[in-house]
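Participant: Please find the sequence and the predicted model below.
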Amino acid sequence: MIRYTHCYERWSPEDVELGATDDQGIIEGNAQATFREMVKALEHCDRIEGSPRPWFADVSFNEGTREWYEEGIREARSYHPATPRDLKWMTKAWKASNP
């Protein structure tokens, strides 16, 4: 199993103007997925270089929804590997889903 932390960030138009949002948090802190499930989860993600290790983010998670069109709310979802081993397998899954 691949272990990771699943997070979110939501941005209102006002948050974008201020350059920060308070609406962020952890969806699941001790998440696990099979390789196949991770390929599906990382389908629309970008690899983000960060510290202490890279993570994967879908910065347009809710694009095209009613909330996105009517209220201007943007939501991002991110997947943070628990260990270097998990990063290795998440990178392979990301490459498989983003040829």
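Facilitator: Structure's in. What do you need? Residues are numbered from 1 along each chain as shown.

Participant: And the residue nearest to residue 54 when sequence neighbours are not counted, how far from residue 98?
Facilitator: The shortest distance from residue 54 to any non-neighbouring residue, by C-beta to C-beta, 6 or more residues apart in numbering, is to residue 47 (5.7 Å). (C-beta placed from N, C-alpha, C; glycine too.) Separation of residue 47 from residue 98 (C-beta to C-beta, to the nearest Å) stands at 9 Å.

Participant: Indicate each strand paired with whichever strand or helix holds the residue nearest to residue 54 and its parallel or antiparallel sense.
Facilitator: Assigning secondary structure by DSSP states H and E places residue 47 in strand 46-48. Strand pairing for strand 46-48, using DSSP bridges, gives strand 55-58 (antiparallel).

Participant: Tell me the gap between the strand it pairs with and the middle of its chain.
Facilitator: 4 Å (C-alpha atoms, centre = their mean, to the nearest Å).

Participant: Quick check: what element follows it along the chain?
Facilitator: Following strand 55-58 toward the C-terminus (DSSP H and E): helix 66-71.

Participant: Could you give the average pLDDT over that following helix?
Facilitator: On average, the pLDDT along helix 66-71 is 88.

Participant: Walk me through which strands the helix or strand just after it pairs with, and which way each runs.
Facilitator: The first helix or strand that comes after helix 66-71 along the chain, using DSSP H and E, is strand 74-81. Using DSSP bridges, the strands paired with strand 74-81 are strand 2-11 (antiparallel), strand 55-58 (antiparallel).

Participant: which residues does residue 55 contact?
Facilitator: Contacts for residue 55 (C-beta atoms under 8 Å, 6 or more residues apart in numbering) come out as 47, 48, 78, 79, 80, 81.

Participant: again, but for residue 61
Facilitator: Counting by C-beta under 8 Å, 6+ apart, residue 61 has contacts 8, 44, 75, 76, 77.

Participant: Quickly note the distance from the second one to residue 83.
Facilitator: What it means is residue 44. In terms of C-beta to C-beta, residue 44 sits 24 Å off from residue 83.
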